[in-house]
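Engineer: Make a model of this:
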Amino acid sequence: MEQTTNQQPGLRRELGTPGAVLMGLGSILGTGAFVSIGIAAGITGPSVILATALAALVATCNALNSAQLAAAHPVSGGAYEYGYRLLHPAAGFTAGWMFLCAKTASAATAALGFAGYTLHALGVETHGALVGLALAAVIVLTALVAGGIRRSNTANTAIVLFTIGALLAFILGVLPAGVRQGGANLTPFFGGEDGAGTFLQATALMFVAFTGYGRIATLGEEVHNPRHTIPRAIIITLVISALLYIGLALAAVAAAGAGALGTLTEVRAAAPLEAVADAYAGAWVAWIVGLGAVTAMLGVLLNLILGLSRVLLAMARRGDAPRFLATIGADSGAPAASVWAVGIAIAALAFLGDVKTTWSFSAFTVLVYYAINNLAALRLPAEERLYPRFWAAGGLAACLFLAFWVDVQVWMAGLALIGAGLAGHWTRRWLRPAA
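Structural biologist: Below you'll find the model as predicted:
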């Protein structure tokens, strides 16, 4: 095991339980709600509802382990720090590397999703406008996050409350159509081409939709009374998001059918729920859902910039990233250099844009990240443990099992990326002068 080498000033503790819950919801209720349910429905049919519930169960195993790890080690970095402290530096580096790769791509997708929804509402469809607006969103939110956690929390609260209202409007708006057409649209329940295979692939994709709760753990250094606040906030966040996701999947599939929902996701990558609302609930509900999608994407982007910058800060403190990225501003109390480095990386990736491939890549890399998280939870000493060991064992097994149900080329690319990252990590350590 390796103890932290951090001698830098700490971040400011500004978040209580409500703020931490809203940060978690802001991370979860975005691309997963407005895009991934449609992708998963197109893969597995109506059983996307069961896939969502199973993904929530796997996420629960991970959430309990993240909660007890964050309570025992309330510092920025999440599984990166837990891997270093409880397993091996290579495990910690792999977790941090996978998180940076996966979430930078997810953040770029969220920025493009925000731009896509906004331009669709304005009747503008050019690629240049899409990229330009996505870049503008990245710059504005990066500047906001660099200003400190208090400003970020205020903006996130407004965004999350509106997003939840829009999702509830969708569920209630399409409910009558779902009741009328649910019998036909929900059968056959397992509609995928490959039965169990497509169902598990959809479960892996839906698992990604829940992983935003981990953002609470990565902000462990900015939460009041972390041993009490973090476990409570993670559990509340997961319960609320699971109920919303299952309700969304049931309402959308019952009203429109899984095939139609999947097709809409391919044709209108950023607006399938808006199209379903327009067809089955009316123009005003579609307008609210469209606006909710815009705020949701902004919330995801904001929280990803927050989480990525805190992991990069932790890696800089240990020398796995340039040291200047560990600098914390005296006025803002934020790691501004890390925040802007993350913003630049997201902006660079915003020029790309295959939503399904990006989401599948995120699924594999995030599942590896949480496998390391669960493995670290198994190493927690008894006096720091909040929950029985079987939650960690179950989460570890589920993550490793689901990770390899995404497309073969995706998980092979992910393994190659791990190998490249570790090679660079070991080379850098070998070249580093001895202290």
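
Engineer: Going by C-alpha atoms from here, please, whenever you check contacts or count neighbours.
Structural biologist: Fine.

Engineer: After the lengthiest helix in the chain, which helix or strand is next?
Structural biologist: When the chain is parsed with DSSP state H, its longest helix is helix 149-185. Next helix or strand after helix 149-185 toward the C-terminus (DSSP states H and E): helix 196-210.

Engineer: Name the residues that touch that following helix?
Structural biologist: 28-29, 31-33, 36-37, 40-41, 43-44, 47-48, 51-52, 54-56, 58-59, 190, 192, 238, 241-242, 359-360, 362-363, 366-367, 402-403, 405-406 (Cα atoms under 8 Å, 6 or more residues apart in numbering).

Engineer: Checking F361 next. Helix, strand or coil?
Structural biologist: State at F361, reduced to three classes by DSSP: H, G, I helix; E, B strand; the rest coil: helix.

Engineer: what sits against it?
Structural biologist: F361 neighbours (Cα under 8 Å, 6+ apart): 102, 410-411, 414.

Engineer: Ok, L130 next?
Structural biologist: 112, 115-116, 119.

Engineer: Where does confidence bottom out across those?
Structural biologist: Minimum pLDDT for the contacts of L130 is recorded at G116 (78).

Engineer: and that residue, what are its phi and psi?
Structural biologist: Taking degrees, to the nearest 10, you get phi -60, psi -50 for the backbone angles of G116.

Engineer: TSV please, covering the contacts of L130 and showing secondary structure, neighbour count and distance to A146.
Structural biologist: TSV is the format used below for these (DSSP: H, G, I helix; E, B strand; the rest coil; neighbours: other Cα atoms under 10 Å; distance: Cα to Cα, whole Å):
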residue	secondary structure	neighbour count	distance to A146
L112	helix	28	21
A115	helix	25	22
G116	helix	27	25
L119	helix	16	27
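
Engineer: What helices and strands are in contact with the worst-scoring helix or strand of the chain on mean pLDDT?
Structural biologist: Here the helix or strand of the chain ranked lowest by mean pLDDT, DSSP states H and E is helix 31, holding a mean of 71. Packed against helix 31 by the contact rule (3 or more Cα pairs under 8 Å, 6 or more residues apart in numbering; DSSP states H and E) you find helix 283-317.

Engineer: Would you mind identifying the next helix or strand past the helix it packs on?
Structural biologist: Toward the C-terminus, helix 283-317 is succeeded by helix 336-349 as the next helix or strand (DSSP H and E).

Engineer: Check what contacts that next one and list those residues.
Structural biologist: Taking Cα under 8 Å, 6+ apart as the rule, helix 336-349 contacts 104-105, 107-108, 134-135, 138-139, 142-143, 145-147, 305-306, 308-310, 312-313, 324-329.

Engineer: Buried residues, it. List them.
Structural biologist: Along helix 336-349, these residues count as buried under the neighbour rule (16 or more other Cα atoms under 10 Å): 336-347, 349.

Engineer: Quick check: which of the residues you listed has the minimum pLDDT.
Structural biologist: L349 (75).

Engineer: and that one, how far is that from R85?
Structural biologist: As defined by Cα to Cα, to the nearest Å, L349 lies at a distance of 31 Å from R85.

Engineer: Setting aside sequence neighbours, what's the nearest residue to G178?
Structural biologist: A255 (3.9 Å; Cα to Cα, 6 or more residues apart in numbering).

Engineer: Check which helix or strand that neighbour maps to.
Structural biologist: Using DSSP H and E, A255 falls in helix 226-256.

Engineer: Packing partners of the next helix-or-strand element following that helix?
Structural biologist: For helix 226-256, the following helix or strand on the C-terminal side (DSSP H and E) is helix 258-267. Applying 3+ Cα pairs under 8 Å, 6+ apart, one finds that helix 258-267 contacts helix 37-44, helix 226-256, helix 272-280.

Engineer: Can I get those helices in CSV including distance to R317?
Structural biologist: Shown next, in CSV, are the helices and strands packed on helix 258-267 (distance: least, Cα to Cα, whole Å):
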stretch, distance to R317
helix 37-44, 38
helix 226-256, 21
helix 272-280, 42
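
Engineer: Sounds good, over and out.
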